[in-house]
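Student: pasting the structure only:
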């Protein structure tokens, strides 16, 4: 009987096969995606918990064990984000420093009081469409130091940059400074809230999306 169904002897089989039922929805892909999202959110919460009391990285400089645990958490999050594109339009934002290993930034943050001020928000302002990046350190209420850069997208997660100029600005004055370097950074994790990056020097950066847009 099976053979007669597969190879009918006439153009109109006596026992036509009814329309096969539509395949039932398989939730496998959704479960996998949801599972990955859950893992990412858990890893993200763990990382943010580790840096919550680290004063943007100042405390971490004196605690090698803490630094190692934070970098381990960054690497775990990077594994979950390794197949994602982090150099698209979602990279364009005013990003505010939460934690870093960059000694130059931490030196300025720590020692701003020696100049009669204190460091406010430390920012990365990225515009992918216009290929620009500003690294910014604010000194409320009126001071700011920022470095302008041009950028190019090198890969799904890497951005090359080249410093073009720098400005130290007060309320009624500003001092232009010469550009001083180039390099690259990779955003190894990016979502609507935070971005995690590492750079050419092996430094790490964790930033959140600021609730405002910084403008020169």
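Tutor: Thanks, I have it. Quantities reported herein were computed from a predicted structural model and do not represent experimental measurements.
Student: What residues are bridge-paired with the most centrally placed residue in the chain?
Tutor: Nearest residue to the geometric centre of the chain (C-alpha atoms, centre = their mean): residue 195, 2.4 Å. In this structure, residue 195 bridges to residue 190, residue 207 when assessed by DSSP bridges.
Student: So it sits against residue 189, correct?
Tutor: Yes: with contact defined as C-beta atoms under 8 Å, residue 195 counts as touching residue 189 (6.9 Å). Glycine gets a C-beta too; all of them are placed from N, C-alpha and C.
Student: shared neighbours of the two, which are they?
Tutor: Both residue 195 and residue 189 are contacted by residue 86, under the criterion C-beta atoms under 8 Å, 6 or more residues apart in numbering.
Student: show me where pLDDT drops low in the chain?
Tutor: Along the chain, the parts satisfying pLDDT under 70 run over 1-36.
Student: need the helices for it, in chain order.
Tutor: 2-6, 28-51, 64-80, 103-111 (DSSP state H).
Student: among those helices, which is nearest residue 168?
Tutor: Checking the helices of the chain against residue 168 by C-beta to C-beta gives helix 103-111 as the closest, at 11.0 Å.
Student: What are the boundaries of the strands in the chain?
Tutor: Secondary structure of the chain by DSSP state E: the strands cover 93-100, 122-127, 132-139, 143-153, 158-169, 174-177, 182-190, 194-199, 204-209.
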